[in-house]
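1. dropping a prediction and its sequence here:
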There are 2 protein chains.
Amino acid sequence: MATGDGTVGKALEILDRVAAFGRPVRFSEVLDDSPYPKATLYRLLQTLVHQRMLTFDAERGTYAPGIRLVRLAHNAWTHSTLAPLARPHVDALAAEIGETVHVAQLDHAQVLYVDKRSSAVPVEMISQTGKVGPAYCTGIGKAMLAFLPLDLLDWVLSQQSFHRFTPHTLTSEKALRHELDEIRACGHAFDREEHEPGIICIAVPVLTPEGRLLGGLSVTSTTRRRGLEDLEPLAPRLKSTAARIAADAESWHFPDQTPKPTPGRVRDLTETTQ
Amino acid sequence: MATGDGTVGKALEILDRVAAFGRPVRFSEVLDDSPYPKATLYRLLQTLVHQRMLTFDAERGTYAPGIRLVRLAHNAWTHSTLAPLARPHVDALAAEIGETVHVAQLDHAQVLYVDKRSSAVPVEMISQTGKVGPAYCTGIGKAMLAFLPLDLLDWVLSQQSFHRFTPHTLTSEKALRHELDEIRACGHAFDREEHEPGIICIAVPVLTPEGRLLGGLSVTSTTRRRGLEDLEPLAPRLKSTAARIAADAESWHFPDQTPKPTPGRVRDLTETTQ
DNA sequence: CTTTTGGTTCCATTATTCGGAACCTGGTTT
DNA sequence: AAACCAGGTTCCGAATAATGGAACCAAAAG
């Protein structure tokens, strides 16, 4: 039940919970959602606000994630993310194939998108970067899961909600494991409208030469524009891009980002962060 | 000397310090830079790593800001920032005048850029977003300072380093206050190559109808392309954009982001975050 | 082989956090 | 108008977690 890590852990857990709402929340809402008694929660929130990790709207009495996070994230993104390294390669790829390319990493058993490049459409989608999504039903998620060390895979799979988003969603660990075997064999994964109807993608993992998982790369399209058979031929191009990224990462020595088991459940289902 | 807020405050202070390095750092480097004894710092870092607020590269023994921040920042950016609201207006402005437009807010006495649109280049996300810069020597910083409530201004000014970046940098509080008076009078501010040689800009504050400061807006150019006299005519257009943003913010009721005095010095000078 | 440097662990002391309960609002009901 | 709530906020002794000096360890340097 406890997050561990004493006070800091608790405070950050609250921060996560507030963020998970995806909108400003009242004290009592957080209270209902948290294991702490009134007084304790109150103090924790006060601290977070005072630290500018949360902002408090006095007139409405609501809490929202704070501006200090934006500043910190800038550093995190540039130094602990595949994105800046991958960008030149991803740009080239996006330009060449004219579809949207995503770069993601695993974070706490979920897919965390760290960059997005669409060549054609002049992008309006608000900062996709930082969004999280489920691992078990996205192409990029499955591509990464397939190449996770087995002990970690066990943990990560235990954290999946297997919520049925579409008729094609794989909703059992067994089915997923079976597909992961196939992905491992051929080296790329598909999203067959498993997360959103009409949205398909092909994805590959980014692996070091020794096989350590760094992240993933995906090309997304719609069933209106293309079919899976149009995406499959892109596999080699994706793989070469991934290899190039991995090579760069190797030389720049990229820190180990493999998720580590933590007590405490992962957020859950619908929470594709708004 | 103390940051206040007990353990959480200390942990976050460490997080800031690590981030401020702008590169992966060794334990001992953080130790030199921090007021805590070895054992304490060690535990603090452990906690942060365990919480994924930092990542630890075991092979190099270095710490860097963690991936969890990227995820949290996404929420912060969408809900506690002017950026998403401002974007349509800023897009229009950028397209119209063909120069780079920045959106910023004040955070802890510094300028925090929350969005950037350059008409030419497609888009940047967190790469630019989240950067911080000095308030006393940027156009957008001065535009915001000028419209800060006086008691806050006192505090914010006391936090400025007044480092001389260029020959044009205002390096005294008195000189700055004088210029702020002028800015307050005419409603817009210039950056006369005060932060970077060759870079000029015109900026305006984003104010609610009642005069509460929400953020700032700036158009940047280079002395090669334009002179200040070319920028001045843009002032009305900038002001109308700012007004429109403020109107939207009002109806969506934007939380109060005015910086609040905190014990503890602001980072310092050169740290325009890499 | 000895010393130094950089990092990790121990553990009794000390300072913080905890949380039940009391206490404020301001708004509703009887 | 008195009684009653439903959020919030504050108190304070008890419970717990953080503290940091010192010892320890490993690897590099002398």
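-> Perfect, I can see it now.
2. distance between stretch A:178-188 and the chain's centre?
-> Distance of stretch A:178-188 from the chain centroid (Cα atoms, centre = their mean, to the nearest Å) equals 20 Å.
3. also stretch A:8-24?
-> How far stretch A:8-24 lies from its chain's middle: 17 Å, per Cα atoms, centre = their mean.
4. may I see the buried residues of that stretch?
-> Buried residues in stretch A:8-24, counting neighbours by 16 or more other Cβ atoms under 10 Å in any protein chain shown, are found at A:8-22, A:24. Glycine gets a C-beta too; all of them are placed from N, C-alpha and C.
5. work out for me the element the closest residue to DNA strand C within chain A sits within.
-> In chain A, no residue comes nearer to DNA strand C than A:Ala39, which is 3.1 Å away by Cβ to the nearest atom of the strand. Secondary-structure element containing A:Ala39, defined by DSSP states H and E: helix A:38-50.
6. now that helix: average pLDDT?
-> Averaged across helix A:38-50, the pLDDT comes to 94.
7. that one and chain B, any residue contact?
-> Yes. Helix A:38-50 reaches chain B (Cβ under 8 Å from any Cβ of the partner chain) through A:44, A:47-48, A:50.
8. dump those residues into CSV; add distance to A:Ala95 and neighbour count as well.
-> Below are the residues of helix A:38-50 next to chain B laid out as CSV (distance: Cβ to Cβ, whole Å; neighbours: other Cβ atoms under 10 Å in any protein chain shown):
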residue, distance to A:Ala95, neighbour count
A:Leu44, 47, 22
A:Thr47, 47, 22
A:Leu48, 42, 25
A:His50, 46, 17
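9. what segments of the stretch 101-250 of chain A are helices?
-> With DSSP state H, counting those that start in this stretch as the criterion, the stretch 101-250 of chain A has helices at A:139-145, A:150-158, A:173-186, A:228-231, A:235-251.
10. against which helices or strands is the longest one packed?
-> Counting contacts by 3 or more Cβ pairs under 8 Å, 6 or more residues apart in numbering or on different chains; DSSP states H and E, the secondary-structure elements packed against helix A:235-251 are helix A:83-97, strand A:199-207, strand A:213-222.
11. out of those, which gets nearest to chain B?
-> The closest approach between chain B and any of the helices and strands packed on helix A:235-251, judged by Cβ to the nearest Cβ, belongs to helix A:83-97 at 7.1 Å.
12. pull the residues that contact that closest one.
-> With Cβ atoms under 8 Å, 6 or more residues apart in numbering or on different chains as the test, helix A:83-97 has contacts from A:77-78, A:100-101, A:103, A:114-115, A:117-119, A:129, A:206, A:215, A:217, A:219, A:234, A:237-238, A:241, A:244-245, A:248-249, A:252, A:254, B:127.
13. list buried residues within these.
-> Buried among those by 16+ other Cβ under 10 Å: A:77-78, A:100-101, A:103, A:114-115, A:117-119, A:129, A:206, A:215, A:217, A:219, A:234, A:238, A:241, A:244-245, A:249, A:254, B:127.
14. next up, the contacts around the nearest residue to A:Gly211 once chain neighbours are set aside.
-> Counting by Cβ to Cβ, 6 or more residues apart in numbering or on different chains, A:Phe147 is the residue found nearest to A:Gly211 once chain neighbours are left out, at 7.1 Å. Counting by Cβ under 8 Å, 6+ apart, A:Phe147 makes contact with A:184, A:205, A:207, A:211, A:213.
15. how deep is the fourth one tucked in, by neighbour count?
-> A:Gly211 sits with 9 neighbouring residues when counted by other Cβ atoms under 10 Å in any protein chain shown.
16. any idea how far A:Ala243 is from it?
-> 12 Å (Cβ to Cβ, to the nearest Å).
17. same check, this time on A:Phe165
-> According to Cβ to Cβ, A:Phe165 and A:Ala243 sit 31 Å apart.
18. look at the two and report which has more neighbours.
-> Using other Cβ under 10 Å, the more surrounded residue of A:Phe165 and A:Ala243 is A:Phe165, with 18 against 15.
19. burial of the closest residue to that one other than its chain neighbours, as a residue count?
-> Counting by Cβ to Cβ, 6+ apart, A:Phe165 lies nearest to A:His195, which is 5.2 Å off, once chain neighbours are set aside. Other residues within reach of A:His195 by the criterion other Cβ under 10 Å amount to 22.
20. what are the phi and psi values at A:His195?
-> The phi/psi pair for A:His195 (degrees, to the nearest 10) reads phi -110, psi -40.
21. close to DNA strand C, is stretch A:51-63?
-> No. Using Cβ under 7 Å from any atom of the strand, stretch A:51-63 never reaches DNA strand C; the gap is at least 11.3 Å.
22. any stretches of chain A with poor pLDDT?
-> Within chain A, the segments meeting pLDDT under 70 span A:1-3, A:119-128, A:253-274.
23. hey, what's the residue most central in space within it bridged with?
-> The residue lying closest to the centre of chain A (Cα atoms, centre = their mean) is A:Leu112, at 1.7 Å. On the basis of DSSP bridges, A:Leu112 is bridged to A:Gln105, A:Val132.
24. verify the stated contact: it with A:Gln105.
-> Yes. With contacts defined as Cβ atoms under 8 Å, A:Leu112 counts as touching A:Gln105 at a distance of 5.4 Å.
25. okay, and the common contacts of these two?
-> Common neighbours of A:Leu112 and A:Gln105 (criterion: Cβ under 8 Å, 6+ apart): B:Ile67.
26. can you redo the helices and strands packed on helix A:235-251 as JSON lines with distance to DNA strand C?
-> Output for those, formatted as JSON lines (distance: least, Cβ to the nearest atom of the strand, whole Å):
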{"stretch": "helix A:83-97", "distance to DNA strand C": "24"}
{"stretch": "strand A:199-207", "distance to DNA strand C": "27"}
{"stretch": "strand A:213-222", "distance to DNA strand C": "23"}
